[in-house]
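# Structure for the following, please:
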Amino acid sequence: MAHSDFPNLTVISHPLVQHKLSYLRSQDTTTDTFRRLVREISQMLAYEATRDLPMKTAPITTPIATFQSPVIAGKKPCIVSILRAGNGMVDGLLELLPSARVGHIGLYRDPTTLEPVEYYFKVPEDVADRAVIVVDPMLATGNSAAAALDRLKECGCSAIKLLCLLAAPEGVGNLLKRHPDVPILTASLDERLNDHGYIVPGLGDAGDRLFGTR
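Numbering: from 1, shown residues only. Next up, the predicted model:
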């Protein structure tokens, strides 16, 4: 459902998504269960993110007859993971889009300027010709996501969506200003950021919980 305050934001309120997200948030959820839930929720969000993929018809022969049936047209989409936490979402999308290409963007925050600094970037050479789905579990300040989108647009990408599990109003507002053309899909718009830049109520540090480094 589109959000009234943010025209480019869609909150996926499906009961299964919300149920799984509640358990994902719990501090008692183990690392293996956390990974599984991230994968499952990501897969559900991917249904919505791929709703408008272009279609064509192709001849298909059933046991009864041959007819023109709808199939996805054009090049396969590209999933771009913002390292490192984005990697936890990639497998869920690949279960739906097994032929998709996968790119990676590595960013860290400069401790002095607090601005994102790129340390890794690898995407398909023809990424500009593909629909791109950027994945990162948490949209907090939005600075890393905005930097990733800047980089992809420099490569000529125009059909981009951002998929995240949780978003803070501050991050959505920041991204809306810098990239008003990029739709954001999330399972929840949370209350706010705290003084440390964590989403409240959030789920803690998604990367640490995914990889067991907390």
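
# Only C-alpha atoms from now on, for both contacts and neighbour counts.
Fine.

# and Ile41, helix, strand or coil?
Under DSSP: H, G, I helix; E, B strand; the rest coil, the three-state class of Ile41 is helix.

# Please read the previous query as pertaining to Gly156.
Gly156 is classified as coil under three-state DSSP.

# likewise the one 10 residues further on?
Three-state secondary structure (criterion: three-state DSSP) places Leu166 in strand.

# Please identify the helix or strand for the residue nearest to the spatial centre of the chain.
Centroid-nearest residue in the chain, with CA atoms, centre = their mean: Leu163, separated by 2.3 Å. Assessed by DSSP states H and E, Leu163 sits inside strand 160-167.

# Which secondary structure elements does that strand sit against?
helix 31-49, strand 132-135, strand 138-139, strand 184-189 (3 or more CA pairs under 8 Å, 6 or more residues apart in numbering; DSSP states H and E).

# got the residue ranges for the helices in the chain?
Per DSSP state H, the chain carries helices over the ranges 15-25, 31-49, 87-96, 143-154, 169-178, 206-211.

# Show the model's pLDDT score for Ala2.
Reading off the confidence values, Ala2 has pLDDT 57.

# typo on my end, Gln27
94.

# residues near it, how many?
Counted with other CA atoms under 10 Å, the neighbours of Gln27 add up to 11.

# Lys161 contacts Glu48, correct?
No - counting by CA atoms under 8 Å, Glu48 is not a contact partner of Lys161; they are 10.8 Å apart.

# which of these two has more neighbours?
Neighbour count, other CA under 10 Å: between Lys161 and Glu48, Lys161 has more, with 20 against 14.

# Tell me how far that one lies from Gln43.
15 Å (CA to CA, to the nearest Å).

# picking that back up, can I get the helices of the chain in a markdown table with distance to Pro70?
Output for these, formatted as a markdown table (distance: least, CA to CA, whole Å):
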| stretch | distance to Pro70 |
| --- | --- |
| helix 15-25 | 28 |
| helix 31-49 | 17 |
| helix 87-96 | 17 |
| helix 143-154 | 30 |
| helix 169-178 | 34 |
| helix 206-211 | 37 |
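
# among those helices, which is nearest Gly106?
helix 143-154 (8.7 Å; CA to CA).

# tilt between the closest one and strand 160-167?
Relative orientation of helix 143-154 versus strand 160-167 (axes from the mean of the first three to the mean of the last three CA atoms, to 10 degrees): 170 degrees.

# And helix 143-154, what's buried?
Residues of helix 143-154 classed as buried: Asn143, Ser144, Ala145, Ala146, Ala147, Ala148, Leu149, Leu152 (neighbour count, 16 or more other CA atoms under 10 Å).

# Give me the below-cutoff pLDDT ranges for this protein.
Scanning the chain for pLDDT under 70 picks out 1-4, 114, 214.
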